[in-house]
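**Student:** what follows is a predicted structure for the sequence shown.
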Amino acid sequence: MSEQVFGLSVNQVMAYAAVANVLLVLVLTVINIYYAWHARRQADASREQVAVSSRQAVTAADTLSILQKQMDQQRISDLATVTLQLKVAIHTVEDWLKRIGLENPQLPDEIRILSTDFSIATHRANAIDQIVAENMGAASLYVGEAETNIRLLRNRNTTQPETWKQNQEKATNSLNIAKYKLSVARTRWETMTESPANPARSQPIPLT
């Protein structure tokens with residue numbers, strides 16, 4: 001009489017066990033395939049993220065490079081603008097000193113010594129060197145005082161000689177101080193633009 005387990009013969013039990021083993025192997029295989037597929041998808045997604053990050057990094061680097069070039073160009077433009085305005089302002093002040101130094105100066109109807117571009121140049125200078133900008137601003141104030149006194153010089157026929165002479169001296173004194181402030185600013189500006197550490201030195205700016 002053959003042995004039985006749970007109503008099944010030994011051979012039947014072994015057969016069922018073999019089938020169960022095969023099914024278990026199939027299940028484990030399917031599970032491994034699924035995890036391998038999932039891992040591959042994650043790896044592909046990670047590679048895509050890396051590629052996107054790399055492209056973003058390249059774009060950011062290009063953008064920074066463009067911005068840096070624009071900043072360098074703006075700085076070069078600012079340096080040239082301030083240099084030119086300082087040069088023009090000094091020559092203009094010198095011309096006015098000569099004009100009002102005459103015994104009977106010929107003065108225009110509109111008295112304006114510094115151009116509107118000078119205030120723009122002062123603003124640009126302030127972004128690079130505040131000391132230069134402060135001297136330029138001070139020069140503007142003294143020029144303004146000189147303009148007020150020069151306007152009074154046009155009324156020589158109706159002004160007492162002593163008063164006219166005082167106005168002439170005040171205008172001259174204000175312009176001399178303005179010229180000094182402008183010269184200090186220009187000297188400092190030239191020293192800075194000629195410095196080897198200045199990034200704009202590769203494109204010289206005429207200073208004379």
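**Tutor:** Great, that's in hand.
**Student:** so where do the strands sit in this protein?
**Tutor:** Taking DSSP state E as the test, the strands found in the chain are 4-5, 8-9.
**Student:** what's the neighbour count on Ile120?
**Tutor:** Using other Cβ atoms under 10 Å, Ile120 is surrounded by 14 other residues. Every C-beta, even on glycine, is put in place using the N, C-alpha and C of the backbone.
**Student:** same check on Val50?
**Tutor:** For Val50, the number of neighbouring residues by other Cβ under 10 Å comes to 10.
**Student:** for Thr29, same thing?
**Tutor:** Residue neighbour count, defined by other Cβ under 10 Å, stands at 10 for Thr29.
**Student:** quick one: residues contacting it.
**Tutor:** If you count contacts by Cβ atoms under 8 Å, 6 or more residues apart in numbering, Thr29 has none.
**Student:** longest helix of this structure?
**Tutor:** Secondary structure of the chain per DSSP state H: the longest helix is helix 10-100.
**Student:** picking up where we left off before, just flag whichever of the strands of the chain has the lowest average confidence.
**Tutor:** Comparing mean pLDDT across the strands of the chain, the weakest is strand 4-5, with a mean of 54.
**Student:** let me know the pLDDT of the residue nearest the centre of the chain.
**Tutor:** For the chain, the residue nearest the mean C-alpha position is Met71 (4.8 Å; Cα atoms, centre = their mean). Listed pLDDT for Met71 reads 75.
**Student:** separation between Leu26 and Ala20?
**Tutor:** Note on Leu26: its distance to Ala20, by Cβ to Cβ, to the nearest Å, is 11 Å.
**Student:** correction: the previous question concerned Arg55.
**Tutor:** Taking Cβ to Cβ, one finds Arg55 at 52 Å from Ala20.
**Student:** also Trp96?
**Tutor:** Applying Cβ to Cβ, the value for Trp96 to Ala20 is 111 Å.
**Student:** now stretch 112-128 - C-alpha only, CSV.
**Tutor:** The C-alpha trace of stretch 112-128 is given here as CSV (Å, rounded to 0.1, in the frame of the first residue of the first chain):
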residue,chain,number,x,y,z
ARG,A,112,25.3,127.9,-19.8
ILE,A,113,28.8,126.6,-19.2
LEU,A,114,28.5,122.8,-18.8
SER,A,115,26.4,120.7,-21.1
THR,A,116,23.6,118.4,-20.0
ASP,A,117,25.9,115.5,-20.9
PHE,A,118,28.1,116.5,-18.0
SER,A,119,25.5,115.5,-15.4
ILE,A,120,25.1,112.1,-17.2
ALA,A,121,28.8,111.6,-17.1
THR,A,122,28.8,112.5,-13.4
HIS,A,123,26.2,109.8,-12.8
ARG,A,124,28.2,107.2,-14.7
ALA,A,125,31.4,108.2,-12.9
ASN,A,126,29.7,107.6,-9.6
ALA,A,127,29.1,104.0,-10.5
ILE,A,128,32.9,103.6,-11.0
